[in-house]
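Asker: here is a sequence with its predicted model. Questions after.
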Amino acid sequence: MKKIEAFIRHEAFEPIRAELLEKGFPSLSIGEVKGSGRQKGIVESYRGSRLTVNVRPKLKIECVVEDRDKSVVVETILKHARTGDVGDGKIFVIDVEEAIRIRTGEEGDDVLQAHAESEIPG
């Protein structure tokens, strides 16, 4: 299993979410985060003072998928998040040793079953 963590611009989220849902990957965790990287801070004015904001808002998307599905998820994120400008974000792929569904006690890949197309609402 692989955990995919992606830090993206806010505007890239909805197209990513919609395509992953369409491809049978409805389970995502999303959080609003701030961070710094190569994208330098921006200078803003506030009540006549100039401030440099060194951290930029991003969304963090997390999902765990079977090894064979990793490339589908990563390519979908890249397709919608890449503008070619500094600040597009990053994707990290991490090995997951174990997964357990709390409600049922199921373990392993059974926890990650993607929805079949017939199960997707729409």
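Answerer: That came through fine.
Asker: biggest strand in the protein, by residue count?
Answerer: In terms of residue count, the longest strand belonging to the chain (DSSP state E) is strand 56-65.
Asker: check for me that residue 102 belongs to a helix.
Answerer: No: secondary structure assignment places residue 102 outside any helix; it is coil (DSSP: H, G, I helix; E, B strand; the rest coil).
Asker: leaving out sequence neighbours, find the closest residue to the spatially most central residue of the chain.
Answerer: Residue closest to the mean C-alpha point of the chain, counted by C-alpha atoms, centre = their mean, is residue 61 at 2.3 Å. Take residue 61 and drop its neighbours on the chain: the residue closest to it by C-beta to C-beta, 6 or more residues apart in numbering is residue 6, 4.6 Å away. In short, each C-beta sits where N, CA and C put it, glycine included.
Asker: state the distance from that neighbour to residue 107.
Answerer: For residue 6, the distance to residue 107 equals 26 Å [C-beta to C-beta, to the nearest Å].
Asker: and if you look at residue 50?
Answerer: Taken as C-beta to C-beta, the spacing of residue 50 relative to residue 107 amounts to 55 Å.
Asker: quickly run through the sheet partners of the longest strand of the chain, with directions.
Answerer: Based on DSSP bridges, the pairing partners of strand 56-65 within the sheet are strand 2-8 (antiparallel), strand 29-35 (antiparallel).
Asker: most tightly packed of the ones you listed?
Answerer: Neighbour counts averaged per stretch over the strands paired with strand 56-65 are highest for strand 2-8, at a mean of 19; criterion: mean count of other C-beta atoms under 10 Å.
Asker: which residues are contacting that strand?
Answerer: If you take C-beta atoms under 8 Å, 6 or more residues apart in numbering as the criterion, strand 2-8 is touched by 16, 33, 35, 58-67, 70, 73-74, 77, 81, 88-96.
Asker: quick one: the helix or strand immediately after it in the chain to strand 2-8, angle?
Answerer: Downstream of strand 2-8, the first helix or strand assigned by DSSP states H and E is helix 13-22. What separates the directions of helix 13-22 and strand 2-8 is an angle of 150 degrees, with axes from the mean of the first three to the mean of the last three C-alpha atoms, to 10 degrees.
Asker: tell me the buried residues in helix 13-22?
Answerer: Taking 16 or more other C-beta atoms under 10 Å as the basis for neighbour counts, the residues of helix 13-22 that come out buried are 13, 16-17, 19-21.
Asker: nice, that's everything, thank you.
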